[in-house]
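**Q** any chance you could fold what I've pasted below:
(2 chains)
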2 protein chains.
Amino acid sequence: MYVLSSPSGAGKTSIATKLIGQDPLISMSISMTTRKPRPGEVDGKDYIFVSKEEFNKAIENNELLEWAEVFGNYYGTPKEAVEQKLKTGKDVLFDIDWQGTQQLHEKVGKDLVRLFILPPSVNVLEERLKRRGQDEDHIVQARMKEAANQISHWAEYDYVIINENLDESLLEVQNILNAERLKRERRVGLSAFVRNMTTRME
Amino acid sequence: MYVLSSPSGAGKTSIATKLIGQDPLISMSISMTTRKPRPGEVDGKDYIFVSKEEFNKAIENNELLEWAEVFGNYYGTPKEAVEQKLKTGKDVLFDIDWQGTQQLHEKVGKDLVRLFILPPSVNVLEERLKRRGQDEDHIVQARMKEAANQISHWAEYDYVIINENLDESLLEVQNILNAERLKRERRVGLSAFVRNMTTRME
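**A** This next block holds a predicted model:
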């Protein structure tokens, strides 16, 4: 399980989308949210859009791996979908914030690899947030404060990437995934492979 | 600091040589040995060839980071050369066995990333050892036993690579190095970078 966190505007979603497109071993976890869909967002693909009541029910029934409130909206990860994906041998990528990451880390420990994406500078971040257009000045300012809060949690992550160039950052994320898959503790069946080998050598 | 261990015949030296050739950030640690030079081996490049007395003196003067005995020959890592390389900001690659790796890990802890190279099968390993030619049958058998001993320590390493194809294995090693360099705890100066950024955002 991999989590990709960043302040909004740092390029996380672009990286995640490209990554899913090029790495067949990885599948995206789809979050549940009480936020209204933005133009172009598809229910069940970008998010699972639910009412506040449905979200509360999911919490009560212990159906969420993690959840958090941001700007009055609730976001959470449905447990069952993740377990289904892991069962088929897929890696799962989470696009969640520092609150969700803390909860997930508490639950699954070392099975979670945490990546943090930083913007190259404050100016670039501000530009990206403004370019999204739809928002007024005071909303951009609120988002900058939220971004600073998000960034302040960078030290809780395993890897840090400064997203200056999308293709380079994508390559770095893919590098990390490939390396993590070579870690001894993730090599299922290696112990039997080695035992079989050394038995035949003695 | 990276250590590359494997039984002889698994392809470690080929991987190390190619890696040093393509990654300017990495430098090879040159071991000191009491073993006689093989044809083509260059003193100060492949090994630092010394007498048993000189080796003992280096141990006594605490000039070695690690040392071990294999087949009656001594092998060790001179401390000062490594420290010089690290000072210039280079990563250092060690081509040492499980005994040296244990000693080095004890000394430097998490600063050492340990990679283990496995042969794809017993047959391939035996073929490679025989192809080296110079050795008689009973020496090949002794080397196979030593290889089994070496392989039995695979679980003490951080990453495991099965060397089926040299280019693929090289890519995997390079992948691991790139990923390790993105680890939070290795990102020198990142803390100041983030502090400077968030201060300007609030």
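
**Q** how about the residues of chain A that lie near chain B?
**A** A:116, A:118-119, A:121-122, A:125, A:144-145, A:147-148, A:151-152, A:154-155, A:157-161, A:172, A:175-176, A:178-180, A:182-184, A:187, A:190-191, A:193-194, A:197-198, A:200-202 (Cβ under 8 Å from any Cβ of the partner chain). Any C-beta I mention is one placed from the backbone N, CA and C, and that applies to glycine too.

**Q** mind doing that once more with 7 Å?
**A** A:122, A:144-145, A:147-148, A:151-152, A:154-155, A:157-161, A:172, A:175-176, A:178-179, A:182-184, A:187, A:190, A:194, A:197-198, A:200-202 (Cβ under 7 Å from any Cβ of the partner chain).

**Q** so of the residues you listed, which ones are in helices?
**A** Among those, the ones falling in helices (DSSP state H) are A:122, A:144-145, A:147-148, A:151, A:172, A:175-176, A:178-179, A:190, A:194, A:197-198.

**Q** any of those residues buried? List them.
**A** Neighbour-count burial (16 or more other Cβ atoms under 10 Å in any protein chain shown) applied to these gives A:122, A:144, A:147-148, A:151, A:172, A:175-176, A:178-179, A:190, A:194, A:197-198.

**Q** now the residues you listed in a markdown table, with pLDDT and distance to B:S8?
**A** What follows is those, written out as a markdown table (pLDDT from 0 to 100; distance: Cβ to Cβ, whole Å):
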| residue | pLDDT | distance to B:S8 |
| --- | --- | --- |
| A:V122 | 89 | 53 |
| A:M144 | 88 | 58 |
| A:A147 | 91 | 53 |
| A:A148 | 92 | 54 |
| A:I151 | 94 | 48 |
| A:E172 | 96 | 34 |
| A:N175 | 95 | 29 |
| A:I176 | 96 | 31 |
| A:N178 | 94 | 27 |
| A:A179 | 96 | 25 |
| A:L190 | 90 | 21 |
| A:V194 | 91 | 17 |
| A:M197 | 89 | 15 |
| A:T198 | 88 | 15 |
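
**Q** show me the two of these that sit farthest apart.
**A** Greatest spacing in these, by Cβ to Cβ: A:M144 and A:T198 (57.8 Å).

**Q** got the contact list for A:E106?
**A** Under the criterion of Cβ atoms under 7 Å, 6 or more residues apart in numbering or on different chains, the contact list for A:E106 is empty.

**Q** who is A:Y74 paired with across the strands?
**A** A:E69 (DSSP bridges).

**Q** buried set for the helix or strand harbouring A:V82?
**A** Counting by DSSP states H and E, the element that carries A:V82 is helix A:79-87. Within helix A:79-87, the residues scored as buried using 16+ other Cβ under 10 Å are A:79, A:81-82, A:85.

**Q** again with stretch A:188-202
**A** By neighbour count on 16+ other Cβ under 10 Å, the buried set for stretch A:188-202 is A:190, A:193-194, A:197-198, A:201.

**Q** stretch A:24-37 too?
**A** So stretch A:24-37, judged by 16+ other Cβ under 10 Å, has buried residues A:26-35.

**Q** okay, those residues in JSON lines with secondary structure, pLDDT and distance to B:V92 next?
**A** Shown next, in JSON lines, are the buried residues of stretch A:24-37 (DSSP: H, G, I helix; E, B strand; the rest coil; pLDDT from 0 to 100; distance: Cβ to Cβ, whole Å):
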{"residue": "A:I26", "secondary structure": "strand", "pLDDT": "95", "distance to B:V92": "33"}
{"residue": "A:S27", "secondary structure": "strand", "pLDDT": "94", "distance to B:V92": "38"}
{"residue": "A:M28", "secondary structure": "strand", "pLDDT": "95", "distance to B:V92": "38"}
{"residue": "A:S29", "secondary structure": "coil", "pLDDT": "96", "distance to B:V92": "39"}
{"residue": "A:I30", "secondary structure": "coil", "pLDDT": "96", "distance to B:V92": "44"}
{"residue": "A:S31", "secondary structure": "coil", "pLDDT": "96", "distance to B:V92": "43"}
{"residue": "A:M32", "secondary structure": "strand", "pLDDT": "97", "distance to B:V92": "48"}
{"residue": "A:T33", "secondary structure": "strand", "pLDDT": "97", "distance to B:V92": "48"}
{"residue": "A:T34", "secondary structure": "coil", "pLDDT": "97", "distance to B:V92": "52"}
{"residue": "A:R35", "secondary structure": "coil", "pLDDT": "95", "distance to B:V92": "50"}
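
**Q** all the strands of chain A, residue numbers only.
**A** Assigned by DSSP state E, the strands in chain A fall at A:2-5, A:26-28, A:32-33, A:48-49, A:64-70, A:73-78, A:91-94, A:113-118, A:159-162.

**Q** among these, which is nearest B:G89?
**A** B:G89 lies closest to strand A:159-162 among the strands of chain A, at 18.3 Å (Cβ to Cβ).

**Q** closest to B:N73 among the buried residues of stretch A:24-37?
**A** The closest of these, once distances to B:N73 are taken by Cβ to Cβ, is A:I26, at 46.6 Å.

**Q** quick one: residues contacting the closest residue to that closest one other than its chain neighbours.
**A** Sequence neighbours aside, A:D91 is the residue nearest to A:I26 in space, at 4.6 Å (criterion: Cβ to Cβ, 6 or more residues apart in numbering or on different chains). Contacts for A:D91 (Cβ under 7 Å, 6+ apart) come out as A:1-2, A:25-26.

**Q** lowest pLDDT pick from those?
**A** For these, the model is least confident at A:L25; its pLDDT is 92.

**Q** please report how far the residue nearest to it when sequence neighbours are not counted lies from B:D43.
**A** Leaving aside its sequence neighbours, A:L25 sits nearest to A:D91 (Cβ to Cβ, 6+ apart; 5.6 Å). According to Cβ to Cβ, to the nearest Å, A:D91 stands 48 Å off from B:D43.

**Q** pLDDT averaged over stretch A:43-50, what's the number?
**A** Stretch A:43-50 comes out at a mean pLDDT of 95.

**Q** show residues contacting that stretch.
**A** Outside stretch A:43-50, the residues touching it (Cβ under 7 Å, 6+ apart) are A:30-34, A:37, A:41.

**Q** mind running it again at 8 Å?
**A** In this structure, residues lying in contact with stretch A:43-50 by Cβ atoms under 8 Å, 6 or more residues apart in numbering or on different chains are A:30-37, A:41, A:58, A:78.
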